[in-house]
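Chemist: here is my input, please return the structure:
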Amino acid sequence: MRRETGFNEIIRKVRKELFGKGPERIHTTFVDNMAITMLYGNLTPSEKFLAQEPSGKEMVHAARTKMVQKIYPVQFNKELEDYMDSRLLHLFSDIKVEEDIAISVFVFEDNITAK
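Modeler: Numbering: from 1, shown residues only. This is a model prediction of the structure:
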């Protein structure tokens, strides 16, 4: 199994636990000390319904970005760090609600492409 595949499975599991639905497709690229992850098909039917209105779209965006950035480092960093054999330093995350595409950039302490 490729390392990216295992990393994607952790991300899918975490997103499913947090939001009740994992992404339909994930693509991860490792660059130096970063894992750059594109996630497609993230939103639940309820979130899609809420996002039809501007205020709902803002609410979905805020929940998806803030929750990921707040909870990953606290609840899931050990699993990610053990898998990558490096300490997670930072997580940047955003979602484009209209297109149902999210991106997360995980910044690790060590060069993860060399491992």
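
Chemist: show me the helices in this structure, by range?
Modeler: Taking DSSP state H to define them, one finds helices in the chain at 3-19, 45-50, 54-71, 77-84.

Chemist: pipe those into a markdown table and attach mean pLDDT per row.
Modeler: Formatted as a markdown table, the helices of the chain follow (pLDDT from 0 to 100):
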| stretch | mean pLDDT |
| --- | --- |
| helix 3-19 | 91 |
| helix 45-50 | 94 |
| helix 54-71 | 90 |
| helix 77-84 | 92 |
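
Chemist: out of those, nearest to residue 36?
Modeler: Taking Cβ to Cβ, helix 3-19 is the member of those nearest to residue 36, at 10.4 Å. To be clear about C-beta, it is placed using only N, CA and C from the backbone, and glycine gets the same treatment.

Chemist: out of the helices of the chain, flag the one nearest residue 101.
Modeler: Per Cβ to Cβ, nearest to residue 101 of these: helix 54-71, 11.2 Å.

Chemist: output the contacting helices and strands for the closest one.
Modeler: helix 3-19, helix 45-50, strand 88-96 (3 or more Cβ pairs under 8 Å, 6 or more residues apart in numbering; DSSP states H and E).

Chemist: residue 14 reaches residue 72, doesn't it?
Modeler: Yes - with contact defined as Cβ atoms under 8 Å, residue 14 counts as touching residue 72 (6.9 Å).

Chemist: report the central residue of the protein.
Modeler: Nearest to the geometric centre of the chain sits residue 104, at 4.8 Å (Cα atoms, centre = their mean).

Chemist: the residue sitting furthest away from the middle of the chain and residue 77, how far apart?
Modeler: In the chain, the residue that sits farthest from the middle, by Cα atoms, centre = their mean, is residue 53; the gap is 24.3 Å. Applying Cβ to Cβ, to the nearest Å, the value for residue 53 to residue 77 is 35 Å.

Chemist: one more: residue 64?
Modeler: 19 Å.

Chemist: and those two? which has more neighbours close in?
Modeler: residue 64 (21 against 16; other Cβ atoms under 10 Å).
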